[in-house]
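> return a 3D structure for these sequence lines:
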Amino acid sequence: MNKKQIEQLTLNGLDKGLSTSFKLIKTIVPFYIAIDLLNHTQFANRLGEALSPVMYIFGLSGKMSIAIVSGYFVNLYAAIAVLIPLSPNWKEVTIVGLMTGISHNLVIEGAVLHKTGANAFLTILLRIFVSLIAGISLNMLFRAIYG
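Model (predicted):
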């Protein structure tokens, strides 16, 4: 490889890296700001209280449901952006990460599945079900190990 090729590859890599970074920033920053603002309202407190009994089975606070729903419908970066202002502990991050890793970006991936001829509805339901079971199982494992 000569110097010109190395320069071209470097510039191409920088261009693609910056492009990807800006795409991530466009997703993460608005979610982060929205959740940080929402976190200081009574709505967030009421939502957290209302969902606490359901989220308890996953070892999560009620407010963490916003991160899960964001991950399910938007993408993993949205879930991360929502988590940050909620100040989760490592167990919560791990559980939300597992759940959204299994079942993320459902709207777009559902459309892709539909185009391929697969049963998108059934596949999405299966992914959600598996992610819920995985979240419950990981919480049970954490409780068994850490109390």
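> so Ser19, which of the three states?
helix (DSSP: H, G, I helix; E, B strand; the rest coil).
> burial count for it?
By other CB atoms under 10 Å, 10 other residues sit near Ser19. Bear in mind the C-beta positions are built from the backbone N, C-alpha and C, glycine included.
> list the buried residues for stretch 54-73?
55, 58-68, 70-72 (16 or more other CB atoms under 10 Å).
> my bad, should have said stretch 72-91
72, 74-83, 85-86, 88.
> among these, which lie within strands?
Using DSSP state E, no member of the buried residues of stretch 72-91 sits in strands.
> just the ones of the residues you listed in helices?
Secondary structure from DSSP state H places Tyr72, Leu76, Tyr77, Ala78, Ala79, Ile80, Ala81, Val82, Leu83, Pro85, Leu86 of the buried residues of stretch 72-91 in helices.
> any chance of those in a markdown table, plus pLDDT?
As requested, those are arranged in a markdown table below (pLDDT from 0 to 100):
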| residue | pLDDT |
| --- | --- |
| Tyr72 | 92 |
| Leu76 | 89 |
| Tyr77 | 86 |
| Ala78 | 85 |
| Ala79 | 89 |
| Ile80 | 89 |
| Ala81 | 85 |
| Val82 | 86 |
| Leu83 | 90 |
| Pro85 | 86 |
| Leu86 | 87 |
